[in-house]
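**Q** coordinates only, sequence not included:
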């Protein structure tokens with residue numbers, strides 16, 4: 001899929017610490033869903 005920045009990796013491993021982290025996690029989820037849909041269409 002894609003490589004994550006150190007900040008994103010820390011967020012994914014340690015969890016949320018505040019509103020900013022929740023927003024970033026939401027962005028990562030949207031990116032994941034978009035990439036997943038593209039992969040499904042290619043198959």
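**A** Thanks, I have it. Because the structure is a prediction, the values reported are computed rather than measured.
**Q** where's residue 19 relative to residue 39, distance?
**A** The gap separating residue 19 from residue 39 is 31 Å, by Cβ to Cβ, to the nearest Å. (C-beta placed from N, C-alpha, C; glycine too.)
**Q** what about the longest helix in this structure?
**A** Taking DSSP state H as the criterion, the chain has its longest helix at helix 19-42.
**Q** tell me what that one is packed against?
**A** If you count contacts as 3 or more Cβ pairs under 8 Å, 6 or more residues apart in numbering; DSSP states H and E, helix 19-42 packs onto helix 6-14.
**Q** mind listing what's buried in stretch 2-14?
**A** Neighbour-count burial for stretch 2-14, counted by 16 or more other Cβ atoms under 10 Å, picks out residue 11.
**Q** same deal with stretch 10-26?
**A** residue 11.
**Q** contacts for it?
**A** 4, 7-8, 28 (Cβ atoms under 8 Å, 6 or more residues apart in numbering).
**Q** Between those, which sits nearest residue 35?
**A** residue 28 (10.6 Å; Cβ to Cβ).
**Q** Roughly how far does the closest one sit from residue 22?
**A** Taking Cβ to Cβ, one finds residue 28 at 11 Å from residue 22.
**Q** How about residue 31?
**A** 15 Å.
**Q** Look up the pLDDT of the residue nearest in space to the middle of the chain for me, please.
**A** Central residue of the chain (Cα atoms, centre = their mean): residue 28, 2.3 Å from the mean position. With respect to pLDDT, residue 28 has a value of 93.
**Q** and it, what is it in contact with?
**A** 8, 11-12.
**Q** and with 7 Å instead?
**A** Contacts for residue 28 were tallied using Cβ atoms under 7 Å, 6 or more residues apart in numbering; they are residue 8.
**Q** Then residue 31?
**A** Here residue 31 is in contact with no residue (Cβ under 7 Å, 6+ apart).
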